[in-house]
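S.K.: Model the following, please.
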Amino acid sequence: MKKNILFIGYGDLGSRLASISKDDLVITGISRSLKPRIVPDQYHPLDWFNNSAQKIDLLKNYDCLIITLTPTSFDEAGYEKGYEEGMKLISKLVKNISFKKSLLISSTRVYQDSEEPINELSNINSEDFRAKSLLESEAIYLNEINSLQKTIFRLSGLYDPEMKDKIFYKQVDEFQKIIPISANLNRLSRDQAARII
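M.R.: Purely as a prediction, here's the structure:
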């Protein structure tokens with residue numbers, strides 16, 4: 001039996017998940033941006049900042065909720081709006097829905113820079129405004145989402161497998177110094193992240 005998934009912030013990762021899971025998942029995607037390249041089984045365009053009262057026909061129960069957020073701009077105000085305000089509005093949107101599992105895609109940005117491997121016990125970066133907004137959105141998620149099992153994936157440096165070689169060859173062609181990648185990056189492609197999800 002296929003599992004019902006509600007994917008809020010459905011975009012690139014959602015499209016990749018939909019393309020590899022057609023036989024296993026029924027995905028309802030909600031996105032505040034343009035129509036995705038791969039449309040899920042059900043798609044609802046919703047800018048939760050401007051139309052948070054808009055009614056969407058959703059189920060009362062889902063097997064899983066997946067949330068991905070993005071900043072509205074790359075300054076402090078954009079991070080606060082995208083992550084903190086966004087998570088508050090999403091929690092209101094799904095307040096009457098129950099989930100067996102839920103997953104928030106976050107970032108390793110919450111940790112301080114370190115040459116050591118990063119794990120759940122690593123020091124939190126309390127100085128960076130981006131880290132603060134990510135951590136606040138995680139706290140809202142943990143406190144407000146009605147899910148039996150909650151997971152936070154802190155990913156870093158997701159690359160597009162179609163662009164990796166192109167970027168490398170462009171750097172070589174232009175004689176740019178190739179900067180070694182930190183040993184602590186997870187180096188996941190977006191396709192790999194979708195398979196993990």
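
S.K.: A strand includes L6, no?
M.R.: Yes: when DSSP: H, G, I helix; E, B strand; the rest coil is applied, L6 is found to be in a strand.

S.K.: Skipping adjacent residues, who's closest to the residue most central in space within the chain in space?
M.R.: The centroid of the chain falls nearest to T68 when counting by C-alpha atoms, centre = their mean (2.6 Å). In space, T68 comes closest to G9 once its chain neighbours are excluded; the distance is 3.7 Å by C-beta to C-beta, 6 or more residues apart in numbering. In this view, the C-beta of every residue, glycine as well, is placed from N, C-alpha and C.

S.K.: give me the number of residues near the one you found?
M.R.: 22 (other C-beta atoms under 10 Å).

S.K.: That one reaches L69, doesn't it?
M.R.: Yes: between G9 and L69 there is a contact under C-beta atoms under 8 Å: 5.6 Å.

S.K.: overlap in contacts of these two?
M.R.: I105 (C-beta atoms under 8 Å, 6 or more residues apart in numbering).

S.K.: does the residue nearest to the centre of the chain have beta-bridge partners, and which?
M.R.: Per DSSP bridges, the residues bridged to T68 are I105.

S.K.: show me the contacts for it.
M.R.: Going by C-beta under 8 Å, 6+ apart, the list of residues near T68 reads F7, I8, G9, Y10, G11, L13, G14, I105.

S.K.: Ok, F7 next?
M.R.: G14, L17, I27, T28, G29, I30, P40, L65, I66, T68 are the contacts of F7 under C-beta under 8 Å, 6+ apart.

S.K.: hmm, back to that, make JSON lines out of the contacts of T68 and add distance to Q192 and pLDDT.
M.R.: Compiled in JSON lines, those are given as follows (distance: C-beta to C-beta, whole Å; pLDDT from 0 to 100):
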{"residue": "F7", "distance to Q192": "18", "pLDDT": "98"}
{"residue": "I8", "distance to Q192": "22", "pLDDT": "98"}
{"residue": "G9", "distance to Q192": "19", "pLDDT": "96"}
{"residue": "Y10", "distance to Q192": "19", "pLDDT": "96"}
{"residue": "G11", "distance to Q192": "17", "pLDDT": "93"}
{"residue": "L13", "distance to Q192": "11", "pLDDT": "92"}
{"residue": "G14", "distance to Q192": "15", "pLDDT": "94"}
{"residue": "I105", "distance to Q192": "13", "pLDDT": "96"}
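
S.K.: Redo these as a markdown table? Include distance to Y111.
M.R.: Formatted as a markdown table, the contacts of T68 follow (distance: C-beta to C-beta, whole Å):
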| residue | distance to Y111 |
| --- | --- |
| F7 | 26 |
| I8 | 25 |
| G9 | 22 |
| Y10 | 27 |
| G11 | 24 |
| L13 | 21 |
| G14 | 26 |
| I105 | 16 |
